[in-house]
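K.L.:
I need the structure of the sequence given here:
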Amino acid sequence: MRIGWRSIIIIIAALVSAACDSPTAGAEQWPVTCDEAAGRALAKMSPEFKQRVRALTKDQLIILHDTWGTGIRNEFGLWRGNGPLLASCAAEAEGTAPEPDPVAMIIITRTWALLQRDKEGPHGGH
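P.N.:
Numbers count the residues shown, from 1 in each chain. This is a model prediction of the structure:
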């Protein structure tokens, strides 16, 4: 039996597609604590984006929900079963359900707080 290139390409494409569509694809790289998620989010931010987020007030962070928040929900597996991260972040805010939308806002707020601390410097802004 001879398998042609066309068949091989179709098989490879199907395998790659199945791996990418897996609900837990990349799970071994997901953060599992709220602190870890905020640290990773901060590390991925460009200097310009850090400056923009740092300039916001805490009440203004909601404007990031549909943009940056979507990226956080996707990248950190919040919609794909990252139960440990959902539980970690929800436990930090009383009454918060371990669901993707509120957890993404907790991560955004935690990252913003890290930026505020950095703005003050090591001596509290002196």
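K.L.:
Could you measure from Ser88 over to Leu78?
P.N.:
Applying C-beta to C-beta, to the nearest Å, one obtains 11 Å for the distance of Ser88 from Leu78. (C-beta placed from N, C-alpha, C; glycine too.)
K.L.:
Apologies, that question was intended for Ser46.
P.N.:
In this structure, Ser46 lies at 22 Å from Leu78, with C-beta to C-beta as the measure.
K.L.:
if I read this right, Thr33 contacts Ala90, doesn't it?
P.N.:
No - if you go by C-beta atoms under 8 Å, Thr33 and Ala90 don't touch, sitting 11.9 Å apart.
K.L.:
These two: who's more crowded?
P.N.:
Neighbours per residue, other C-beta atoms under 10 Å: of Thr33 and Ala90, the larger number sits with Ala90, 18 against 15.
K.L.:
what residue lies at the spatial centre of the chain?
P.N.:
Residue closest to the average C-alpha location in the chain (C-alpha atoms, centre = their mean): Ile72, at 2.7 Å.
K.L.:
which one is it nearest to, not counting chain neighbours?
P.N.:
Residue nearest to Ile72 in three dimensions, not counting chain neighbours: Ala104, with 4.7 Å by C-beta to C-beta, 6 or more residues apart in numbering.
K.L.:
still on that earlier bit, who's more crowded, Ser46 and Leu78?
P.N.:
A direct count of neighbours by other C-beta under 10 Å for Ser46 and Leu78 places Leu78 higher, at 26 against 8.
K.L.:
Report the buried residues of stretch 42-53.
P.N.:
For stretch 42-53, burial by neighbour count (16 or more other C-beta atoms under 10 Å) applies to Leu42, Met45, Lys50, Val53.
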